[in-house]
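[1] Predicted structure and sequence below. I'll ask about it afterward.
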Amino acid sequence: MLFRVTVAVLLVLSMGTRVLAHDNEGRNDCSFATLNGLYVFSARGFVTPPGATPFPKAIVELIRFDGDGNVTTPAVTTAIDNQPLIAASPGGPGHYTVVDLVPPDGACLGTLTFTASGITFNLVIPREGAKTIWLIQTNVTPGNVVTNVFQGTAVKIAH
């Protein structure tokens, strides 16, 4: 009898915990802390200089989001048309924002700006875990000289 009561109590407690966890899943706040860890960003697209034919570019980059709105880039490798491959050099620092969708839903939106270059991206971030985020470049290069069509994903590989 004591065994059955113990099992029943444990079952009720575990169900209550699941309900609470489920209720909180959709209510995570979109904040700097949503992004916290090391991500591998890979993207491809095209660059169009004024009066020229578009040419391809690609990047694989490590981006560390610090949970407080700042990023560092420990390594970046780029390939741009016929240019020599630029491999494993550190990238510049930057900052990011994270805001909630209106009305709130299962994702957050954000921006990422690399300080030295002024290159910016819009972000789409799932609320739960932010294991994969989607990025699209939103500006032309500094001085509005080159237009970019550049998008990719960043996958979290470490905290």
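    Nice, I can see it.
[2] Who does the residue nearest the centre of the chain form a beta bridge with?
    With distances taken as CA atoms, centre = their mean, the residue of the chain nearest its centroid is Ile133 (3.8 Å). With DSSP bridges applied, Ile133 shows beta-bridge pairing to Ala154.
[3] My guess is it contacts Ile125. True?
    Yes: with contacts counted by CB atoms under 8 Å, Ile133 reaches Ile125, the gap being 4.9 Å. (C-beta placed from N, C-alpha, C; glycine too.)
[4] Tell me the predicted confidence for the residue nearest to the centre of the chain.
    Note on Ile133: pLDDT of 97.
[5] Identify each of the strands in the chain and give its residue range.
    36-48, 55-66, 70-80, 86-100, 107-114, 120-126, 132-137, 147-158 (DSSP state E).
[6] Okay, angle between the fourth one and strand 70-80 too, please.
    In this structure, strand 86-100 runs at an angle of 130 degrees to strand 70-80, with axes from the mean of the first three to the mean of the last three CA atoms, to 10 degrees as the basis.
[7] And for the shortest one?
    Put simply, strand 132-137 runs at 60 degrees to strand 70-80, going by the same axes, to 10 degrees.
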